[in-house]
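> Quick one, structure for this:
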Amino acid sequence: MSKIAIFGGSFDPVHKSHVQIADLALKCFDLEELIFVVAYAPPHKKKQYADIKDRISMLRLVTCNVSKSRISCCEVQNRGMVYSYQTLDYFQNLYSSDEIYMVIGSDSLLDLSTWKNIDYIVTRYKFIIARRPNIKIGSDTKYLDRCVFIDKEIENISSTRIRELIKLNHIEASTLLNRKVYDYIIQKQLYYR
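Below you'll find the model as predicted:
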């Protein structure tokens, strides 16, 4: 039985921590494949800032350097809100003999109880948890028995902060992004409004 990891997100924009999480998950858990799933309209976010085509293009610029990974637009094709349980079931149907994991940050682990159909999810799937700085996970954290943790803490980078820096034309944004992604953002004038 192979392990397939689903790494979903709006990737608005994709940044160095996203790539770091993917690389670490692949190395730490002997994954057969890691699939980046671009969310068209994530349930937990009110809006996306870059067009879906731009978000996919930026993700393509970095995933070509992540071995054993690919991008799926299965949620994008629905052109609406898709919940995690639906995405996980979609991939379980595709890879019926494999074990499906979902990659999330430790901050999301603390919010799992708010997810749609979470009790269903945790009976069928496991989580790969990326440790974020300053997020404390206690032994009493719910669903801990369904999680495996990446040993190394990831860099504290957020897409929200990057968008703010770009809007201010601050050079720090370039240090948080892959160079090709940064150049793409500048060329397309994304996040300036």
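> Could you check the top helix by length along the chain and say which residues are buried?
Counting residues, the longest helix in the chain under DSSP state H turns out to be helix 16-29. Buried residues in helix 16-29, counted by 16 or more other CB atoms under 10 Å: 16, 17, 18, 19, 20, 21, 22, 23, 24, 25, 26, 29. All C-beta spots, glycine's among them, are computed from the backbone N, C-alpha and C.
> cool, stretch 51-71 as well?
Residues of stretch 51-71 classed as buried by neighbour count (16+ other CB under 10 Å): 52, 54, 55, 56, 58, 59, 61, 62, 63, 66, 69, 71.
> what does stretch 140-160 give?
143, 146, 147, 150, 154, 157, 159.
> Equivalent analysis for stretch 70-83, please.
Buried positions in stretch 70-83, judged by neighbour count with 16+ other CB under 10 Å: 71, 72, 74, 75, 76, 82.
> How about stretch 86-93?
87, 88, 89, 90, 91, 92.
> Going by residue numbers, what spans are strands in the chain?
3-9, 33-38, 69-72, 99-105, 126-131, 147-153 (DSSP state E).
> for stretch 120-132, the distance to its chain's centre please.
Centroid displacement of stretch 120-132 relative to its chain, using CA atoms, centre = their mean, to the nearest Å, is 13 Å.
> which other residues reach that stretch?
Contact with stretch 120-132 is made by 5, 21, 24-25, 29, 84-85, 88-89, 92, 99-107, 109, 112, 115, 137, 143, 146-154, 156, as judged by CB atoms under 8 Å, 6 or more residues apart in numbering.
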